[in-house]
Structure formats: C-alpha cells, structure tokens
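Sequence first, then the predicted structure, then my questions.
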Amino acid sequence: MGTENPGRPNFPMASSTTPFAAVPPTMSPFSSSGPVVGSEAPGFRATPSAFPQTTIPSTLSGPAGGPQTSGFRPASPASYIPSTVGPFQRFPAPQFPTTPQPSPAGAPSAGQQSFQPSAGQPSFPPADSSYPPARATLQPPLPGYIKQSTAVSQAPPIQSPFEAQQGSYIPPAPTPSPPFPSHRGGFGQPPSVAAPYGLHSKDQFQQPGSIPPIGGIQGLLEDFSSLSVGSMPGSIEPGLDPKALPRPLDGDVEPTPLPEAYSMNCDPRYLRLTTSAIPNSQSLVSRWHLPLGAVVCPLAEAPDGEEVPVLNFVSTGIIRCRRCRTYVNPYIFFNTVWARYCFFSKFGVLIPGEYFAHLDATGRRVDLDQRPELTKGSVEFVASTEYMVRPPMPPLYFFLIDVSISAVRSGMIEVVAQTIKSCLDDLPGFPRTQIGFITYDSTIHFYNMKSLLMRPQMMVVSDLDDVFVPLPDDILVNLSESRSVVEAFLDSFPSMFQDNMNVESAFGPALKAAFTVMNQLGGKLLIFQNTMPSLGVGRLRLRGDDLGVYGTDKEHALRIPEDLFYKQMAADLTKYQIGVNVYAFSDKYTDIASIGTLAKYTGGQVYYYPSFQSANHGEKLRNELARDLTRETAWEAVMRIRCGKGIRFTSYHGNFMLRSTDLLALPAVDCDKAYAMQLSLEETLLTSQTVYFQVALLYTASCGERRIRVHTAAAPVVADLGEMYRQADTGAIVSLFCRLAIEKTLSHKLEDARNSVQLRIVKALREYRNLYAVQHRLGGRMIYPESLMFLTLYGLALCKSTPLLGGHADVQLDERCAAGFTMMALPVKKLLKLLYPTLIRVDDYLLKPLVKADELKNIIRRLPLTTESLDSRGLYIFDDGFHFVLWFGRMLSPDIAMSLLGPDAAAELSKVTLIERDTEMSRKLMEMLKKLRESDHSYYQLSYLVRQGEQPREGFLVLTNLVEDAIGGTNGYVDWMLQIHRQVQQNA
C-alpha cells in the first residue's frame, strides 16, 4: 500500500527471492552467528564530566565490579583501604568537541562514560562434575491426590556464608551537581548516580554510562537467588524441596522500569527487550547465551485510561531524521532554537521554521506540554499523500465457506451465518465497508448481491481447471447499500445446503477465485474449511500414517506444506494486501500444515476446532468470529523497527511476509498479534552510552486515514554481563525461545528442538554461575538471577507444549501444527498463560457469602500445576486462556455438585453441559467464569467438566497439563531442575 520512505514504491512488488523464509537462510534459528563488524564509531562525542577523579588502592583477584557484582573483593582486611573521597573514574576522560553539546534529560548525561570492567579476568577452578544422576521422579502416584498442603511456601532467603569485612562499607559521598543545565526537548535533570544499582536498593538504578560506583563495598552480598541441592530424607541421592521451587503464580511480570532517564519509553506492552541492558561488545554477546532481541505488539490495547495520541502535522510535514529516517521522538534534543539532534544517527539537522519554538532557561521548549511527540513514547501520525501509492482502500471482509456434507452436519454453517449477521452493525469502516461471499464443495458458488436485487443470485461454476468470476463487479458490494440483500442471504444460507450430500472440496480453485475478486482492493479473507482439499489445484493427500517416518530426519516434512501452491498463493495474497484467517473444523486429518501457510505469510491466524459440533462448540466459534470481525484492524500495513548506530535486527519471527531485509508486510494486523526479532552488533565495540529503538507501523485505519504508529524506547549500553542478567525479561526471552523452537521443528526432529531449548538455558546458567564461582562458596547450590527465576520452569513447559511434546502418539498432527501457528503470533502475556496455566480452587469461594466482583481477584489464589495441589474434596478451575476445565474431586460435597449440575450431578460429566441454574452457587460460579473471560477477549474459553478418576478424559484434559509432574515419560519440575543443575556444574 505504501512505504515508510516516500518515493520508494513497494506496492505491488514481488520479491526477487523466495518470500517465505522469515529467517535468513544462512542462519540456523538456534545457532549464534557472529554479527558483522560495521561502520566506525560515531563521531559525536560526549561532554566530559565535571566529577573529580580519585583512585582506590586495592588488590582484586577478579574483574572490576560492575553494577550489582561482587567484583570488589579485598584480598585481606589489612590490604583494603576504602575510599574516603568522592566519586572516581576508571577511564581517561573522553575527548570534547569544540562546541559543547548540552545533555538531554531523557538521555544519559553527555559527559558520562560507559563503565567498563578491568582487563584482568579471573581464572575459575574446575567445578566438581561428579554429580550423581537425578532420580526418576519425586512426584506422588496419580490416584488419590490427597492434598498435603495447599500453601506453597517459597524458599527462605539464604544468607551469605561470607561475613562482611569490618569497615568495608562507607556511605557514598554525595554527587556534585553538574555544572550545566539539561538541554533538549525533554525534561528535568537526569537521575542521581549516587546510588548505583547493585550496591544499594534494587529499585535504584545507575544512570547508564555514568561514573563507576562510589563509596565502599557492602561486603560480599549475594546478588543472586539460589536453591539448595541436598540429600532428601531417607535417600542418598540429591534432591530439591518442591515447595521451594520458584513458580510464576502472579502471571507475567513486566520488566522493572528503567531509571527516570528512560521514563519516556513506550509501554512494555508495545515493545519488550529480552534484556534492557545492551552489551557493548561482540565478546559480551558471545557470553549471553539467551536470545538477544525484542518482542513487538504494535497495536496492543492501550493501558486503562490512556490512549495513543493522534497527531496531524499538516503545516510542517512529519518531522524525521534525514539520515536514519526515524520519526520525531522524546529522545531528540534541541541545542539551539533552530537545530535538533538525533540520537539514532548521531546527526544534527535544522528544523522547519513552522516547528520553531523558543527554549526556556533549562533548555526546554516552551511548547513542550503541547507536543506529545516530545513527551510520549507512543504516538500516531496522520500520514500525508507522500506515504501512499494509492488512496486508502475501504475495509473488505470476504468469506470463503466450505458447504460439503461434513460442514453441514456439524452445524458450522448455521453458526457462521448467524454470527456474521449479528456483527454487521459493528464491522469497522462504516459506511465504506465492503463484503462478499463464495461457497464451495465440488463446485464453486458465487453470489450476486447488487443493491437493486431483492434476493441474492447464486451462480455455479463447475470448471475447476479454468475458474472465471461471473459478474465480478457485483460479487463485492458496499454493505450499507446492499444491507437487505446481505441479510436475506445470511437468513437463507443454512437451509440452502441442508440436504447437500457432496463430500468433495474444491478449496484450491475457490481460493483462486476469491483472490481474483479481492485483488483490486485487498482486505481480509476468512476461510471456513471442514474437508481436506480433494479437487483441482491445491488438492492434498493423507500424510502422517507412515509411523516409520517419526524420529527420523524426514519427520519434519510432515509439518511443512506438501504442495507449493499454498506458499505461492500466500505470496500473491500478501502482494495485493489480502490477509487470511483460517477456521478449520474436522474430526479427520485436513493438513493444517499446508492450509495454515496462508495465514502464516499473510499476517493472519489459525483457529482450530477439532471434531466441531455446534451444540458443544458453537459458543466458542461465535465469540471468536465476532471478535475477529469487530476488533479494530490496521489494513495495508508495513512495519519496520529501527535501531541506533552500531546494532541492527537480523532475523524476524512470527506470522508475516518479509518484503525486504527489514520491512514486514502485514496486510491486516490487530491487537492480538505480536512479532519477535533478534538483534546483533554491527561494531566490535559500541562507544555510545545508550541505544535507541523505534517501531514504525504504516497502515490504513478503518476510517480511511493513512497513519503511522510509532513506539520509541531507549536502553543503556553496559560492559557487565551480570547487569545484562539483572535487566533480563523472562517473558520476552520465552517468547523468542518459543518462536525459535517452533521454527526448528519445521527443519529438524522434535527432540532436537526440545534439546536446543534446554541447551541454551544450561549455557546461560553456567555462564551466570561462573560470574560468582570465585567470590562465593556456591557448593551444591543452584544459582540463578532473580530476573530469570522462572526461566527453567517456562523452558520445561515449552518442551511439554503441544508443538514440541513427545512424538506422533502424543499429539495429532493437525493439532500440533495448529498450535504452532497460534503460538507464533501470541503476545507475551497470552503465551506465558498458555505455557503455565492458572489453577484455582473455587469450592471455598462458592461456600462464602456473596462477594463483590471487584473483590474476586483478592480471593482467587493460583496453585502450582501439580497433582499435590488437587484435593479430592475440592472443585478446581484450570484456565490456559483457551478453555476452562472444571475438576470435581470424588469426595466433593454433594450439595455443591447438586447446586452446580442439578440432576446431572451423578451422570458422566463428559455428557453434561455447564449452564447457569437457579442457585446462588451456580450464579457465583458463572459470574467468576465471566470475569475470567473478560480479562482477555482474544479467545473464548469453553467449559469442560471432568470428575476425578474419569479416564482417559481426566488424563488429557487435566493430568497432562500439570507441567510440574512427570507424566508420559517427561521430566517433572524437580527432576528437570536437577538435570539442569547437573549439566550446569559440568565444566563450569
């Protein structure tokens, strides 16, 4: 549709290379290739600090301590003399430019230098590798589930075995005020550096690039979390206390905010870095064994009470850097009334006269409060015609519906017709919205819905080899003009095919026909597929029945498209701005691996309803289709993420088409889509103190405006690996892990993908352990950074997730592929909930007096996902964000069962549907489920009922989802941690 760089057309444009590989072909998703050395260090040099320089005489056997490390290690009390002077500086003062540059308040102070460790590195003695193997399991047998204790106690803090040297700590000297004011389009003074993080409160952070920590040393405080690995009672084998293991019972925890200097960063729901401390060198990157990158959700729903401001630069045009093309943001600053400086490109340019504003005595623009683009990390610009290659197109919804016998008998057609009709008033873009329909079985059916007609006309095309579109101008109609004809069609649609006995599916020819109708406008294509394509181009065959393929190098071929027709169609659809969402219904194999490719490369998603029956699953389809139709959508979109000088993004992961090296084509994107990317250093050593990131999404709004949504963030550059771990974001790391592992299953065995996850976790924890191996007596303890305390559990959950679990006998092929397509697009919070679902006990809540809805969150307490959490006398809800499972203990009070299920309380629960009954308990339970659904509308959770001991239903609905238990040959949480710990100690 358009391009971020006016004058460089990109629509329509076919890629010169194959458009299907989101990852560069020379890179394995899990191999860390060395970044390319880029350009020279930037010429912009910071103003020197006015702080005095002092030295601290000491003898250190390890590297100089960065923030929160224990590198300041006195050799003996007598040889250590704490400094009684103010701050000190380890490095020569930087060179000055002849013209002093004022420091912006929103960026690091101009005179500050990055804190580097000393050249000397400690030599680590080899760790004891004679660690006995882990036990087979520590979990109790499944039957019974008699609850020992519902409370999960966390491990008590372990005191450091090192006593602080007497007189080893002196409060830091106050930091003198800088001799210059802060000058830029930002605000206030940078935060004080008197309390660098790691030596004082963890809530206080050192200004990035500031002078090294001042004052004395707080002894050898342990700057990590740990678990004691010891012998269990009655056993000589090592073990862990299950109650002491860390668990994310509070859900996803967003990363700790950076210091005040970065207060203008966009909200983490839009952009999350895997670590908010960017390494300054290639050598540091090589020691960071976790993914280095970001997760972006450009249209995430804004926080409560906030909206992304929409700005219209009519008179001046959108202000951008001429060199790097970044948009105006809070991290530019004004050093004169006419000039501004871009921190991305290190380039200063004149501003247009219309954007002129005087500066006050502190260097702030006098109109700063009226300039959201200079104060907020997320803004939206109304784009001018230079950002368009054609006028904005109206929103278009086109429905391609399977009407074969299996679709009719399942009731899918009736639910789809009713839902579309109920949403007509809420479709975005009124009165410009366009709509159209095609149905198919062994033939293709077109519908003329011209506004002059009383009823729609159906035209049947049976020639599948040379499909043509009859009356092409009347297949797509304006909804507001043809509303009565569209409603008449939807009313009669279910009865039109109620006696259809056709078992064939000409899906491929029907898809080509839909493309022919839509390619002038673009839009959203919604496919409802119930039968495996069997006629015409794109017909598929049954795969996966050869069990000898599993476990071999040919196994991955089952998870990729069999016919290149679907990849080519996806490329053509993306080129013409058509996004695809696939709704798959079947109790038989339909080759989701091939059909889902259409959604993967057009920025869409796959909804999978195995064994769909409208009586049981209709409510889920109705709610998810309604959300798909009514949520705000960005049309004809492209997205690019820019970085500061010295770094770049090298690979992208998610559902999209990569149009060029860094431009993501997204024909239709919404708030439920997220994208991950990995970055690398272009230079051997970064000389800047801060790096900047900016996400730009150019799209057409449903109202017809062309807009650019911009998210900007900054992060400090560090020379300390420990600081990278302290600022790590588990959610972002797991999101990247997930996408990399799923992509690996498309070219390798499932076992290889699982092993790659485990290997990277082991390498990361081993590197972290080496940081403290000299300063602390670690013994048999398993140590990990507090920021990554849940990483090992999420790694276990990922290995047990549907796309990676077991082999052919554990998960059906279609279900595995559908789950992979879904997880590739999930935002961080939704993905973490899927990996580690919510388990809550509700029978106590139902017995209490009526509780207000806003007090519900204070009563609900999440439980560990283990059979020990299940009490035979209780009622539990299992919620993974996609469905509810209500687990009835065999000793649950009959009064509760009767109140919730009525006369069906004694029946087999697989045949019982949960409905609201005329009892207080039933009303409270249904209200609770409603509140849980309202917390996230992206998917609708159906309720499944299961009673303790009902097999195999209890097994696949509940027991296999208790990720902490060792079931089906998989490791339990305790054994997984012991295995990780044993591997970490090897060659540590």
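Sure thing, it's come through.

Can you classify the residue nearest to Q983 when sequence neighbours are not counted as helix, strand or coil?
Distance criterion CB to CB, 6 or more residues apart in numbering; nearest residue to Q983, sequence neighbours excluded, is V762 at 4.5 Å. Where you see a C-beta, it was placed from the backbone N, CA and C, and this is true even at glycine. What DSSP: H, G, I helix; E, B strand; the rest coil gives for V762 is helix.

Show me the chain divided up by domain.
Dividing the chain into domains by the TED database, as the record does, gives the ranges 310-375, 396-631, 837-962.

about what we covered before: tell me how many other residues crowd the residue nearest to Q983.
For V762, the number of neighbouring residues by other CB atoms under 10 Å comes to 20.

returning to that earlier point: among the domains of the chain, which is the most enclosed?
Highest mean neighbour count of these: domain 396-631, a mean of 19 (counted as mean count of other CB atoms under 10 Å).

Give the partner strands of the strand of greatest length in the chain in its sheet and their orientations.
Among the segments of the chain that qualify as a strand by DSSP state E, the longest is strand 706-718. Paired with strand 706-718 in the same sheet, following DSSP bridges, are strand 278-279 (parallel), strand 378-382 (antiparallel), strand 690-700 (antiparallel).

what's the following helix or strand after that strand?
Per DSSP states H and E, the first helix or strand lying C-terminal to strand 706-718 is helix 721-726.

what packs against the helix or strand hosting A599?
Using DSSP H and E, A599 maps to helix 597-600. Using 3 or more CB pairs under 8 Å, 6 or more residues apart in numbering; DSSP states H and E, the elements in contact with helix 597-600 are helix 565-575, strand 578-586.

So L540 sits against A593, correct?
No - under the criterion of CB atoms under 8 Å, L540 makes no contact with A593, lying 9.5 Å away.

which neighbours do those two share?
E562 (CB atoms under 8 Å, 6 or more residues apart in numbering).

For the stretch 201-350 of the chain, which segments count as helices?
Counting by DSSP state H, counting those that start in this stretch, the stretch 201-350 of the chain has helices at residues 282-287.

returning to what we had before: any chance of the domains of the chain in CSV, with distance to L798 and mean pLDDT too?
Below are those laid out as CSV (distance: least, CB to CB, whole Å; pLDDT from 0 to 100):
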stretch, distance to L798, mean pLDDT
domain 310-375, 34, 78
domain 396-631, 17, 94
domain 837-962, 13, 90
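
Minimum distance to S451: which of the helices and strands packed on helix 597-600 has it?
Judged by CB to CB, the one of the helices and strands packed on helix 597-600 that comes nearest to S451 is strand 578-586, at 24.2 Å.

quick one on the thing from earlier: could you export the helices and strands packed on helix 597-600 to TSV, including columns for distance to L598?
Shown next, in TSV, are those (distance: least, CB to CB, whole Å):
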stretch	distance to L598
helix 565-575	5
strand 578-586	4
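
Nearest approach to M449 belongs to which of the ones you listed?
Closest to M449 of these is strand 578-586 (CB to CB; 19.7 Å).

Direction included, what does that closest one pair against?
Using DSSP bridges, the strands paired with strand 578-586 are strand 523-529 (parallel), strand 606-610 (parallel).

Residues contacting the last one, please?
For strand 606-610, the external contacting residues (CB under 8 Å, 6+ apart) are 581-587, 592, 596, 599, 617, 620-621, 624, 812, 814-815, 818-819, 821-822.

ok, now the longest one?
Counting contacts by CB under 8 Å, 6+ apart, the residues outside strand 523-529 that touch it are 393, 395-402, 407, 412, 416, 434, 505, 507, 511, 514, 518, 573, 577-586, 590, 595, 598, 604, 625, 628, 633, 635, 667-668.

that older thread, figure out which of the domains of the chain is closest to L299.
In terms of CB to CB, the element of these nearest to L299 is domain 396-631, at 9.4 Å.

Could you tell me the end-to-end distance of the closest one?
End-to-end span of domain 396-631 (CA to CA, to the nearest Å): 14 Å.

and if you look at stretch 743-752?
With CA to CA, one end of stretch 743-752 sits 11 Å from the other.

With stretch 607-615 instead?
One end of stretch 607-615 sits 18 Å from the other (CA to CA).

And for stretch 294-308?
Note: stretch 294-308 ends 21 Å apart using CA to CA.

Among the helices and strands packed on helix 597-600, single out whichever gets nearest to D241.
Among those, the nearest to D241 by CB to CB is strand 578-586 (44.5 Å).

quick one: the helix or strand that the closest one is followed by to chain centroid distance?
Per DSSP H and E, the first helix or strand lying C-terminal to strand 578-586 is helix 592-595. Centroid separation for helix 592-595 versus its chain: 23 Å, with CA atoms, centre = their mean, to the nearest Å.

who touches helix 592-595?
Contacts to helix 592-595, defined as CB under 8 Å, 6+ apart, come from residues 507, 527, 529, 533, 540, 558-563, 566, 582, 584, 606, 608, 813-814, 817-818, 821.

now do stretch 499-506
Defining contact as CB under 8 Å, 6+ apart, one finds that stretch 499-506 is touched by 402-406, 408, 440-444, 464, 529-536.

Mind checking which of those residues are in strands?
Within these, residues falling in strands by DSSP E are 402, 440, 444, 529.

Reformat those residues as a markdown table; add distance to T256.
As requested, the ones in strands among the contacts of stretch 499-506 are exported to a markdown table (distance: CB to CB, whole Å):
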| residue | distance to T256 |
| --- | --- |
| D402 | 49 |
| Y440 | 53 |
| I444 | 56 |
| Q529 | 45 |
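
out of these, what pair is the most spread apart?
Applying CB to CB across those, the maximum distance is between I444 and Q529, 14.2 Å.

what ranges do the helices span in the stretch 851-988 of the chain?
Under DSSP H, counting those that start in this stretch, the stretch 851-988 of the chain gives helices at 856-859, 894-901, 920-934, 953-957, 973-985.

right, and Y772 touches Y784 too?
No - counting by CB under 8 Å, Y772 does not reach Y784; the two are 10.8 Å apart.

quick one, which of these two is more surrounded?
Per other CB under 10 Å, whichever of Y772 and Y784 has more neighbours is Y784, with 25 against 20.

Distance of the more buried one relative to A715?
As for Y784, its distance to A715 is 22 Å (criterion: CB to CB, to the nearest Å).

And for A506?
According to CB to CB, A506 stands 52 Å off from A715.

Could you find the closest non-adjacent residue to F821?
V606 (4.2 Å).

Redo the strands paired with strand 578-586 as a markdown table? Include distance to M921.
Listed next are these as a markdown table, based on distance: least, CB to CB, whole Å:
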| stretch | distance to M921 |
| --- | --- |
| strand 523-529 | 38 |
| strand 606-610 | 30 |
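
closest to V296 among the ones in strands among the contacts of stretch 499-506?
For the ones in strands among the contacts of stretch 499-506, the nearest to V296 is Q529 (29.9 Å; CB to CB).
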